[in-house]
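Participant: 3D, please:
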Amino acid sequence: MVSVTDFNITKINRSKLNDINLENIPFGKYFTDYMLEVDYEDGEWKTPEIKPYQPLLLEPSLAAIHYGQAIFEGIKAYKNLAGEALIFRPHDNFTRFNISAERMQMPTVPEEIFMDGLRQLINLESNWIPAKVDHSLYIRPFMFSTDETIGVKPSEKYKFMIILSPTGPYYATPMRIYVEEQYVRAVPGGIGYAKAAGNYGGAMYATAQAKLKGYDQVLWTDAYEHKYVQECGTMNVMFIIGNKAITPNLDEGTILKGVTRDSVITILNEMGLTVEERALNIDEVIEAHKAGTLSEVFGTGTAATISLIKELRYKEYDMVFDVTTWTVAPKVKAILNDIRYGKTADTHGWMMKL
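Facilitator: Coordinates of the predicted model:
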């Protein structure tokens, strides 16, 4: 078993933070001084290293490049009003990471490596956490196969890493969404519930086509009828219809079990809304819009947190919303922010102190 004292740490001479302004930063462009790296070989995890952020030297025959055994997670760290660094629900991401690993025939990562590595990195990099609303330190744990041979089979070697990136809002403005009817993100029995790299690579073509039409993202539908809504781009999605919040259920394994999604469901229940996790036909959405009962549509995710949808296009039917009149999504976002930044009590135990 790896313990926190087993980590090898190589210190930097000078921080890159001296050259970066954290006031206005785009998502995923800048990376901090350190990264965590540990290899899996001969059936066991080796000693983890925390070292200066640097390029990797990889063979062209690397298995992950050819066969796509690669998974990742997204977590965020915040600073509260007292200046303390806290991480939002990392144990849930740790659990989901290993669910993805099992689905992709990869070794699970021990908690001693994942969680202790997370703590040590954030302790070293706490100055990189922007002390500003809608800003955070994005944490990217990932793992990929490292066999240096050609052959379609699970690798015998893997590399697990964590890198960090200070970030601002993922979607700065409300989105225009196109309902996708031709291409699919996931099918029952597939890997839609896993946070596998291939899910995102496979989504890029349909997203690019939607952008050519002037939209920001797609709302995915089911593979069989192209009628039942699934995820919205890289996010889970919520529909406020009457006094209900409706979101697609997870039963078929086509939708990622979002940590933010789960948090939002908890908050919506506490706000007094009835939350329904069920199959939702796009025709029901359109009927609700025509009847005037569909009031809000928004995405939820680690990167985006709460992302407002100002337009939803299905075939020739346009659903346009005045997001300035919304009450539910803004309140949910405000409650989440208050918990994350320590402005209100964390009654759910979501924030992990270092």
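
Participant: So the residue nearest to Leu294 when sequence neighbours are not counted: helix, strand or coil?
Facilitator: The shortest distance from Leu294 to any non-neighbouring residue, by C-beta to C-beta, 6 or more residues apart in numbering, is to Ala288 (3.8 Å). Where you see a C-beta, it was placed from the backbone N, CA and C, and this is true even at glycine. The three-state label given to Ala288 by DSSP: H, G, I helix; E, B strand; the rest coil is helix.

Participant: now Asp318, nearest residue through space, not along the chain?
Facilitator: Glu311 (6.6 Å).

Participant: give me phi/psi at that neighbour?
Facilitator: phi -150, psi 140 (degrees, to the nearest 10).

Participant: ok, it touching Val323?
Facilitator: No: under the criterion of C-beta atoms under 8 Å, Glu311 makes no contact with Val323, lying 9.8 Å away.

Participant: Tell me where this protein is predicted with low confidence.
Facilitator: 1-5 (pLDDT under 70).

Participant: rewinding a little: bridging residues for the residue nearest to Asp318?
Facilitator: Counting by DSSP bridges, Glu311 is bridged to Arg176, Val320.

Participant: residues in contact with it?
Facilitator: Counting by C-beta atoms under 8 Å, 6 or more residues apart in numbering, Glu311 touches Met175, Arg176, Ile177, Tyr215, Asp318, Met319, Val320, Phe321.

Participant: who wins for neighbours among the residues you listed?
Facilitator: Ile177 (25 neighbours; other C-beta atoms under 10 Å).

Participant: I'd guessed that one sits against Val218; true?
Facilitator: Yes: shown here, Ile177 and Val218 form a contact pair, counting by C-beta under 8 Å, at 6.8 Å.

Participant: shared neighbours of these two, anything?
Facilitator: Contacts common to Ile177 and Val218, judged by C-beta under 8 Å, 6+ apart, are Cys232, Gly233.

Participant: which secondary structure element contains Pro166?
Facilitator: strand 158-167 (DSSP states H and E).

Participant: Partner strands of that strand, with direction?
Facilitator: In its sheet, and by DSSP bridges, strand 158-167 pairs with strand 34-41 (antiparallel), strand 136-145 (antiparallel).

Participant: Tell me where the protein has helices.
Facilitator: With DSSP state H as the criterion, the chain has helices at 63-67, 90-103, 111-125, 197-201, 204-212, 259-270, 282-291, 328-340.

Participant: just checking, what packs against the first one?
Facilitator: Looking back up the chat, that one is helix 63-67. Counting contacts by 3 or more C-beta pairs under 8 Å, 6 or more residues apart in numbering; DSSP states H and E, helix 63-67 packs against strand 136-145.
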